[in-house]
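Chemist: got a predicted structure here, sequence first:
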Amino acid sequence: ESLHYSIGLLGISAGSLLLAVHFYSSLRAAPVIPSTALGILLLLLSALLAYAGIWRSLRNASLFSSLFLTISVFWCGYGVVFILEGQEVLNDTGDFRNALVPGLVTFTLALFVIAVVGFLSKEVVLAMIASAVSLASAHEVAMQYNTAFGSSAVACNYMIVCFVGGYFALGRILYFFTKEKIAIPGTDLAKNKAHEQIQPTSGSVNHFAVTGLILNMLSASVFGCRLLGVTSKLFIGQVPWLWAAGVYQIGVCILSYRAMDVLMATFVSFTSILKFAGGYCLLYSIWQTEEPTFPTPFLVVFSILFAVLAVFLTLKSLVDGLYLLFYVAYCIALACCPKGFFEGGPQGVDVAIFVASALMTLIHLYNVKAGTKIPTGKGVVKALLDRSSFLKLHEGANLHAPYLGYSKYADAEVLGYACSVLASFAITMTGDPEAPLATVVIPWVVVAGGILKLLSGSVAFARGKTLESSAFILYAVMWIIWGLTRYGGLYGTTRSFHAAVGIVAFMLFNVFIVFCTIFLSTTWFFYSLTFMLIAVSFLLDAIGALPAGYDIAATIIFGLVSFYCFLSALFSSTFEGSCLPMGRAFVQLSGVGGGMTKCLHLPARKASSVKRIADILKNGGTCGIPTDTVYVLVAACNRPDAVEKAHRSKRQAQERPMSLWISSLKQLEPAKHLFSPLLWDFMDAAWPSPISLVVPRGKWVDFLGMKDSAKYVGTPQSIAIRIPDCSVTTHLINLVGPIVVTSANPTGEADTTHHNQVYAKLGDKVDAVLCDGPSPENIASTVVDCTKIDSGNIGFFRVGIIPKSQVKLIL
């Protein structure tokens with residue numbers, strides 16, 4: 001439990017030691033650590049801190065995770081700036097200062113906020129480290145503008161971090177070697193863990209939102225500092241901050257999906273697009289002296305998407321919704337200014353975003369840790385909606401549960417459709433073949449239409465949406481290739497059939513997707529069909545036969561269909577009912593979605609449901625039931641016809657025989673004399689648990705009433721037995737008696753991890769399903785070979801959720 005704390009704090013200490021050495025030796029003619037080497041080392045440490053921050057957050061809420069991720073992105077951008085200096089990219093006078101200051105200003109304030117909340121939360125070690133790094137950054141800013149501030153002050157602050165890290169390391173070492181008898185104040189993480197567990201929580205909290213807000217501060221600082229005169233120009237030296245923020249923002253997007261926060265994940269992905277576009281514009285000066293122009297239609301559409309997202313975020317928190325309005329104003333300002341990021345209007349909004357993001361960071365951090373919270377208007381709009389009969393919020397534990405399977409991610413279709421809207425409206429701007437990079441199109445198409453759409457496809461695949469994920473990934477690849485080809489000037493002014501061949505291949509794939517969507521929904525059919533218009537536009541442009549206005553018409557049609565899908569996905573994930581329906585499939589399949597009417601599906605939380613399943617089993621039926629691991633198909637042992645039916649339904653492979661489950665050893669009591677005393681005691685000690693024990697086959701099998709069907713259970717030499725660690729399952733076995741069990745999926749396929757998968761995989765071969773949502777574990781049971789236990793030896797056919805060491809300890 002302390003591993004990730006320790007890795008994070010010692011990583012910060014190591015980086016601080018490097019920087020302390022750097023600043024102490026900076027006045028020398030030849031510094032001890034060259035700039036390039038220092039930059040590379042900081043990049044490595046930033047990756048280590050990102051690992052520590054992510055894993056701390058996935059385990060429980062902690063200020064430490066915010067500290068680790070903040071310093072991680074700080075050192076990532078910082079390290080690249082040092083590399084640029086070492087490679088003599090920053091040659092002009094003041095370039096190094098102009099490159100460093102925007103990042104230093106951001107992290108001075110962000111770390112100060114973390115330090116204040118740390119002191120208020122009595123996290124002394126964290127608060128001292130955050131305040132020391134914040135002071136070091138502030139001193140470095142002052143040193144860049146006034147040589148009277150020596151570099152020694154910066155080094156001293158970093159040395160404080162080293163001493164605090166050393167103190168923490170000493171505390172953890174003593175705590176470990178004295179077996180928890182000596183705990184230096186501030187290093188006893190068991191108290192921290194207990195304190196975090198008793199914090200009141202209302203619903204799921206996205207602890208990565210703070211990192212996203214700090215990243216917004218960072219990108220706003222780059223352009224805001226230019227407006228306020230803190231920096232003298234915008235150039236390549238500031239790109240590391242913008243692109244580091246963009247990359248980390250995509251990471252925050254993924255982690256927000258893990259936190260089941262669809263709206264925040266969509267918001268941070270939108271802001272990552274702006275960060276990558278800003279970095280692209282600063283890089284453009286390498287190729288051209290004049291500044292690039294911006295496509296107005298795209299930015300207007302982007303502001304609309306931000307506004308829609310703001311409306312839905314107000315349902316969660318009024319303050320969060322109002323915060324998004326700054327980005328609505330930002331997109332409008334960019335649309336009104338031909339030179340975009342380089343003009344005063346957008347830069348003024350950047351200053352406002354910087355201040356608002358800092359305040360939001362303070363509010364989010366404080367509210368996570370404090371008992372008395374700063375009011376954010378949470379639930380205000382929800383209370384108003386509760387009075388309305390028209391709209392009812394979609395809430396509950398199954399809000400993000402996928403229809404098929406178990407997933408650790410919330411649905412990303414909202415982002416996938418939004419990316420289609422952005423990419424389509426971005427290419428309504430016709431580029432100049434002589435200067436294809438002069439119009440800022442590549443970031444919008446490649447990042448929004450490509451990278452983020454790939455992310456959406458990956459999340460859709462993780463949720464069991466094979467068709468949707470295939471379409472998203474195919475379209476993402478198409479946007480990336482065509483965006484770079486057409487707007488990156490890769491084929492210049494010439495046209496040929498070489499690119500056309502690849503586009504035709506994409507079109508053939510899309511024909512297959514269009515065909516499949518007739519079994520999915522009406523909206524998806526039109527979504528995939530209108531993308532065919534985009535592909536035709538690409539094809540005609542590749543061979544130089546594009547009619548005037550066709551590409552604009554095609555992109556507008558696809559963009560409007562995508563926008564409807566975006567709104568429909570938002571409404572369906574937020575409200576109950578179908579305010580904006582996706583439409584029924586043109587052809588309804590009987591497997592997926594048809595199971596509820598053809599096969600009895602009963603909720604496991606009701607005792608009456610368990611009794612009905614028991615009656616079905618007693619009458620010779622086969623049922624899918626939940627367990628302590630994955631879903632299984634079961635039949636009663638005293639119904640040989642049911643055992644044979646279960647065997648036929650699975651086409652069971654000989655190497656994966658059916659096993660036997662009981663609810664207690666009392667069910668085998670009549671045959672106790674046929675088991676060795678050691679084996680009986682081992683079974684008594686090991687169960688109930690996800691441990692299957694393979695025992696020698698014997699005359700005790702005859703007591704179960706399987707008759708001739710016993711040949712389908714186990715092998716001629718042995719049978720696997722288990723008492724599951726699941727109250728629903730054991731209660732069912734109490735009612736029915738011993739049952740035979742096999743996995744609820746065709747042989748060779750993946751385990752079934754959700755009740756909706758049982759009928760989808762086995763169809764009419766299952767008579768009823770006991771429904772309990774996603775499986776608690778995705779890992780099967782551990783199978784132990786006890787055929788030679790009397791000689792003191794056990795083996796392992798499969799190591800599942802219970803490790804070998806624990807089984808041997810039981811023995």
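Modeler: That came through, no problem. Numbers count the residues shown, from 1 in each chain.
Chemist: can we go C-alpha only for contacts and neighbour counts from here?
Modeler: OK.
Chemist: show me what the helix or strand harbouring residue 42 is packed up against.
Modeler: In this assignment (DSSP states H and E), residue 42 forms part of helix 35-59. Contact analysis of helix 35-59 by 3 or more C-alpha pairs under 8 Å, 6 or more residues apart in numbering; DSSP states H and E lists helix 3-24, helix 63-86 as its packing neighbours.
Chemist: of all the ones you listed, which lies closest to residue 802?
Modeler: Comparing the helices and strands packed on helix 35-59 against residue 802 with C-alpha to C-alpha, the closest turns out to be helix 3-24 (21.8 Å).
Chemist: which residues touch residue 353?
Modeler: 216, 217, 220, 326, 327 (C-alpha atoms under 8 Å, 6 or more residues apart in numbering).
Chemist: what average pLDDT does the helix holding residue 42 get?
Modeler: Averaging pLDDT along helix 35-59 yields 86.
Chemist: what's the distance between that helix and the middle of its chain?
Modeler: Relative to its parent chain, helix 35-59 has a centroid offset of 19 Å by C-alpha atoms, centre = their mean, to the nearest Å.
Chemist: contacts for that helix, please.
Modeler: Contact with helix 35-59 is made by 4-5, 7-8, 11-12, 15, 18, 62, 64-69, 71-76, 78-87, 207-208, as judged by C-alpha under 8 Å, 6+ apart.
Chemist: picking that back up, most neighbours out of the contacts of residue 353, which is it?
Modeler: Neighbour count (other C-alpha atoms under 10 Å) singles out residue 217 as the most crowded of the contacts of residue 353, with 30 neighbours.
Chemist: please identify the helix or strand for residue 216.
Modeler: Under the criterion of DSSP H and E, residue 216 resides in helix 209-227.
Chemist: what mean pLDDT does that helix have?
Modeler: Helix 209-227 shows a mean pLDDT of 94.
Chemist: ok, then the element right after it?
Modeler: Using DSSP H and E, the helix or strand that follows helix 209-227 in sequence is helix 239-258.
Chemist: and residue 673, how many residues sit next to it?
Modeler: By other C-alpha under 10 Å, 11 other residues sit near residue 673.
Chemist: measure it to residue 681 for me?
Modeler: According to C-alpha to C-alpha, to the nearest Å, residue 673 and residue 681 sit 13 Å apart.
Chemist: repeat that for residue 462.
Modeler: In this view, residue 462 and residue 681 are 42 Å apart by C-alpha to C-alpha.
Chemist: those two - which one has more neighbours?
Modeler: A side-by-side neighbour count of residue 462 and residue 681, using other C-alpha under 10 Å, places residue 462 first with 19 against 12.
Chemist: is it true that the more buried one touches residue 410?
Modeler: No - taking contacts as C-alpha atoms under 8 Å, residue 462 lies outside contact range of residue 410: 9.6 Å.
Chemist: strands along the stretch 501-650 of the chain, start to end?
Modeler: Taking DSSP state E, counting those that start in this stretch, the strands of the stretch 501-650 of the chain run over residues 600-603, 623-625, 632-636.
Chemist: now for these, which one comes closest to residue 286?
Modeler: The closest of these to residue 286 is strand 632-636. By C-alpha to C-alpha, the value is 61.5 Å.
Chemist: I'd like the average pLDDT over the closest one.
Modeler: For strand 632-636, the mean confidence score works out to 92.
Chemist: gap between that strand and the chain center?
Modeler: Centroid displacement of strand 632-636 relative to its chain, using C-alpha atoms, centre = their mean, is 35 Å.
Chemist: got the buried residues for it?
Modeler: Residues of strand 632-636 classed as buried by neighbour count (16 or more other C-alpha atoms under 10 Å): 632, 633, 634, 635, 636.
Chemist: so what strands line up beside it?
Modeler: Strand 632-636 has its sheet partners listed here by DSSP bridges as strand 623-625 (antiparallel), strand 739-743 (antiparallel).
Chemist: got a list of contacts for the last one?
Modeler: Right, strand 739-743. Strand 739-743 is touched from outside by 630-637, 643, 646, 657-662, 713, 733, 751-752, with contacts defined as C-alpha under 8 Å, 6+ apart.
Chemist: again, but for stretch 86-96
Modeler: By C-alpha under 8 Å, 6+ apart, the surrounding residues in contact with stretch 86-96 are 34, 35, 36, 81, 84, 85, 237.
Chemist: residues contacting the last one?
Modeler: For residue 237, the contacting residues are 81, 84, 90, 95, 96, 98, 99, 100, by C-alpha under 8 Å, 6+ apart.
Chemist: okay, it: pLDDT?
Modeler: Reported pLDDT for residue 237: 92.
Chemist: excluding its backbone neighbours, what's nearest the most centrally placed residue in the chain?
Modeler: Taking C-alpha atoms, centre = their mean as the criterion, residue 254 is the residue nearest the geometric centre of the chain, at 3.1 Å. With sequence-adjacent residues excluded and distances taken as C-alpha to C-alpha, 6 or more residues apart in numbering, residue 254 is closest to residue 265, at 7.0 Å.
Chemist: that neighbour belongs to a helix?
Modeler: Yes - applying DSSP: H, G, I helix; E, B strand; the rest coil, one finds residue 265 inside a helix.
Chemist: and for it, the neighbour number?
Modeler: Number of residues near residue 265 (other C-alpha under 10 Å) recorded here: 29.
Chemist: what's the separation between it and residue 68?
Modeler: With distances taken as C-alpha to C-alpha, residue 265 is found 20 Å from residue 68.
Chemist: ranking the contacts of residue 237 by neighbours, who comes first?
Modeler: The most crowded member of the contacts of residue 237, judged by other C-alpha under 10 Å, is residue 99 (28 neighbours).
Chemist: and it, what helix or strand is that in?
Modeler: Here residue 99, judged by DSSP H and E, is contained in helix 95-120.
Chemist: let me know the angle separating that helix from helix 63-86.
Modeler: Computed by axes from the mean of the first three to the mean of the last three C-alpha atoms, to 10 degrees, the angle separating helix 95-120 from helix 63-86 equals 170 degrees.
Chemist: list the buried residues of helix 95-120.
Modeler: Of the residues in helix 95-120, 95-118 count as buried by neighbour count, 16+ other C-alpha under 10 Å.
Chemist: after that helix comes which helix or strand?
Modeler: Downstream of helix 95-120, the next assigned helix or strand under DSSP H and E is helix 124-145.
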